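K.L.:
based on what follows, work out the 3D shape:
(chains A and B)
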Amino acid sequence: MSTVTLTQPGRTNVITNTLTIARRNLLHIKANPEQLVEMSIQPLMFLVLFVYVFGGAIAGSSREFLQFALPGILIQGLSFTPFTTALGLNSDFQRGLIDRFRSLPIARSAVVGGRITADGVRIAWSILIMVGFGVALGFRFEGGAAGAFGGLLLAAAFGLTMCWPMAFIGIAARAPESVNTWGFMIILPLTFASSAFVVPETMPGWLEAFANVNPVTHVIDATRGLMLGGPVAGPVVRSLIWLAIIQAIFVPLAISKYRRRV
Amino acid sequence: MERSAIEAEGLAKSFGKVRALDGIDMVAGESTVFGLLGPNGAGKTTAIRILSTLIKPDAGRASVGGFDVVRHPEEVRRLIGLTGQYAAVDELLSGKENLYMIGRLLGLPSRESRRRAVELLDSFDLSDAAAKLVKEYSGGMRRRLDLAASLVGRPRFLYLDEPTTGLDPRSRRELWGMIRGLVAEGTTVLLTTQYLEEADQLADEIVVIDHGRVIAAGTPADLKTRVGGQVLQAQPADPAELALTERVLAEFAADGEDPYTDGQLVTVRIADRSALGRAIRRLDEEGIEVDDLSLRRPSLDEVFLAITGHLAEEEPDLEQTTDATSERSPA
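P.N.:
A predicted model of the protein is given here:
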């Protein structure tokens, strides 16, 4: 070891670095199989509970409600998946792993980027479980193959976008408890005060006003339109604008918070 | 060939109102162990974090292997390996996966990363636990893996931030042996410790810091000579006689010094050797039975006491406070 055989990776390779971190985060599922159960059972629970508990009361039959609510439940579920982004980054800071990563000659964006890449896989899994189970319960795509595909793609884009504000919360929060507090305080109202389960016209005026500007409503309307063959153009454009705004705000915020957290 | 190693000049860093570093100068020679010694909150970790490019100094400059830590952080990161105060390894990966991951992040090809992981696991006596998750490792195993992780890239400079804190004596000695081996192979080690014995055992050069300032520097032998004199220690058979023993020994103390009691042991620095015989007679006169009475060169503990006027252990836990302050300050 006296001769210096130090590896000199010419330029830091952002893609390799990001994939290495992503792989590491996915290996955690192997170490902790409950994560897989959580990733699978939680969305199923949402689906079954909402459809069979509220279906009869809201839509007259759970079968009809399933058709209306599946896109909403899907988007709601995908709002909770990014909690793993926040909690994972938070615990990496707590455990000193970030110090190790930052002392290595690697791309500065790789740790957050790798985390979110891994969560992209979790998101895909959640979508597969929820939609697959929904179809088994009787959900039918009425918007054709292109609509179905577009709807799933939009849902995935929504899930990935939501990882960024959650990454910011995970890095900014001092403890996992505050991650949960902040996360729920933001995600619960956004997902319930939306068009996920009921049409906003049934809400009191002030809440309806909120639901109508809520980005989650637009994404759900667009997904629903694509999957069920309803009006599409307006909601899809509004959704994409919202997703772009959220990313424009939270990608730089999360990265700069990552760099500056002592 | 002479290569520049680690140099720092006037390093200063504050967290909010707390001045963690208040102008530190140091020069560490190639292939030596350089010890940063000080109590909790002295600024050791802050110094390490600046030298490993994790934070920027408010003032002063530092270079590692000739590269300025602020202007060329990428180059510095290629030269260093960092082992933190808390074992920074991934608990949910196996030991082998941890090392493989670091290898890949350093740009080693996949096969080379695997080979290096196996080699390091072997030399740190972790081969049997290679496939086990780190959360099942013991404290000592975790520390060894952490050290292995910082060596994947064969760093020229190895930073060890309190590497043996919380380890049992046997694991501590094992780790010391490994550190000596690395230095023999040409690695330059920057070691922080609050264990004076550890600095004495490992370091070629020591800088003693307290409240963010260098209060003494030199080899362990220099520091002991500087304090000079001898140390007399007595352990009364009956703990109830500790206070009386302290009063008796006070009669032989060097100018301006007081004896102090640590557990069952009363220690005092004395001016001349003849005190030993007189002390034995005086203890006898007072009817104090002693289990142990010894005369020796001062340890670094006493060096610290002589320089700062207080014991290292008596320091408040300032580092914790600075952390909390930095955490609360807006980014």
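
K.L.:
the helices in the stretch 1-150 of chain B, which residues?
P.N.:
Per DSSP state H, counting those that start in this stretch, the stretch 1-150 of chain B carries helices over the ranges B:44-51, B:73-79, B:95-105, B:110-123, B:139-151.

K.L.:
rebuild these as a markdown table, extending it with mean neighbour count, mean pLDDT and distance to chain A.
P.N.:
Yep, even glycine has a C-beta here, placed from its N, CA and C like the rest. Converted to a markdown table, the helices of the stretch 1-150 of chain B look like this (neighbours: other CB atoms under 10 Å in any protein chain shown; pLDDT from 0 to 100; distance: least, CB to the nearest CB, whole Å):
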| stretch | mean neighbour count | mean pLDDT | distance to chain A |
| --- | --- | --- | --- |
| helix B:44-51 | 26 | 92 | 8 |
| helix B:73-79 | 20 | 93 | 4 |
| helix B:95-105 | 25 | 96 | 4 |
| helix B:110-123 | 17 | 95 | 8 |
| helix B:139-151 | 22 | 91 | 7 |
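
K.L.:
so what's the residue minimising distance to the centre of chain B up against?
P.N.:
Taking CA atoms, centre = their mean, the centroid of chain B lies closest to B:Thr193, which sits 1.4 Å from it. Residues in contact with B:Thr193, defined by CB atoms under 8 Å, 6 or more residues apart in numbering or on different chains, are B:Gly35, B:Leu36, B:Leu37, B:Lys44, B:Glu162, B:Pro163, B:Thr164, B:Ala199.

K.L.:
show me which of those is closest to A:Ser103.
P.N.:
Nearest to A:Ser103 among those is B:Pro163, at 15.1 Å by CB to CB.

K.L.:
for that closest one, what are its contacts?
P.N.:
Residues in contact with B:Pro163, defined by CB under 8 Å, 6+ apart, are B:Thr83, B:Arg143, B:Leu147, B:Leu175, B:Ile179, B:Leu191, B:Thr193.

K.L.:
likewise A:Arg100?
P.N.:
Neighbour list for A:Arg100: B:Leu82, B:Gly84, B:Ala88, B:Val89, B:Ile102, B:Ala149, B:Ser150 [criterion: CB under 8 Å, 6+ apart].

K.L.:
taking the residues you listed together, which two end up most distant?
P.N.:
So, the contacts of A:Arg100 by CB to CB: farthest apart are B:Gly84 and B:Ile102, at 13.8 Å.

K.L.:
give me the helices and strands touching the strand or helix carrying B:Lys224, please.
P.N.:
For B:Lys224, the host element (DSSP states H and E) is helix B:220-227. Judged by 3 or more CB pairs under 8 Å, 6 or more residues apart in numbering or on different chains; DSSP states H and E, helix B:220-227 is in contact with strand B:205-210, strand B:213-218, helix B:300-308.

K.L.:
so B:Ala129 touches B:Tyr137, yeah?
P.N.:
Yes. Between B:Ala129 and B:Tyr137 there is a contact at 6.4 Å, judged by CB atoms under 8 Å.

K.L.:
tell me the pLDDT of A:Gln76.
P.N.:
With respect to pLDDT, A:Gln76 scores 92.

K.L.:
what about B:Val268, helix or strand, and which?
P.N.:
strand B:265-270.

K.L.:
I'd like the mean pLDDT over that strand, please.
P.N.:
Here strand B:265-270 scores 86 as its mean pLDDT.

K.L.:
now the element after that strand, going C-ward?
P.N.:
Downstream of strand B:265-270, the next assigned helix or strand under DSSP H and E is helix B:275-285.

K.L.:
let me see the mean pLDDT of that next one.
P.N.:
For helix B:275-285, the per-residue pLDDT values average out at 88.

K.L.:
quick check: buried residues in it?
P.N.:
Across helix B:275-285, burial judged by 16 or more other CB atoms under 10 Å in any protein chain shown covers B:Ala275, B:Ala279, B:Arg282, B:Leu283.

K.L.:
separation between the nearest residue to the first one once chain neighbours are set aside and B:Asp58?
P.N.:
When you say that, I think you mean B:Ala275. Leaving out its chain neighbours, the residue that sits closest to B:Ala275 by CB to CB, 6 or more residues apart in numbering or on different chains is B:Phe252, at 4.0 Å. Going from B:Phe252 to B:Asp58 by CB to CB, to the nearest Å gives 47 Å.

K.L.:
in terms of neighbours, single out the busier of those two.
P.N.:
Comparing B:Phe252 with B:Asp58 by other CB atoms under 10 Å in any protein chain shown, the one with more neighbours is B:Phe252, at 20 against 14.

K.L.:
was I right to think that one contacts B:Ile270?
P.N.:
Yes. Counting by CB under 8 Å, B:Ile270 is a contact partner of B:Phe252 at 5.1 Å.

K.L.:
would a markdown table of the helices of the stretch 1-150 of chain B with distance to A:Gly114 be doable?
P.N.:
Shown next, in a markdown table, are these (distance: least, CB to CB, whole Å):
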| stretch | distance to A:Gly114 |
| --- | --- |
| helix B:44-51 | 23 |
| helix B:73-79 | 18 |
| helix B:95-105 | 10 |
| helix B:110-123 | 16 |
| helix B:139-151 | 17 |
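
K.L.:
burial measure for the closest residue to chain A within chain B, as a count.
P.N.:
Distances between chain B and chain A by CB to the nearest CB are smallest at B:Gly107, namely 2.7 Å. By other CB under 10 Å, 23 other residues sit near B:Gly107.

K.L.:
can you report phi and psi for it?
P.N.:
phi 90, psi 10 (degrees, to the nearest 10).

K.L.:
can you pull the contacts of the closest residue to B:Val208 other than its chain neighbours?
P.N.:
Closest residue in space to B:Val208, ignoring its immediate chain neighbours: B:Ala216 at 4.2 Å, by CB to CB, 6+ apart. By CB under 8 Å, 6+ apart, B:Ala216 lies in contact with B:Ile206, B:Val207, B:Val208, B:Leu223, B:Arg226, B:Val303, B:Ile307.

K.L.:
mind redoing it with 6 Å?
P.N.:
Applying CB atoms under 6 Å, 6 or more residues apart in numbering or on different chains to B:Ala216 gives the contacts B:Val208, B:Leu223, B:Ile307.
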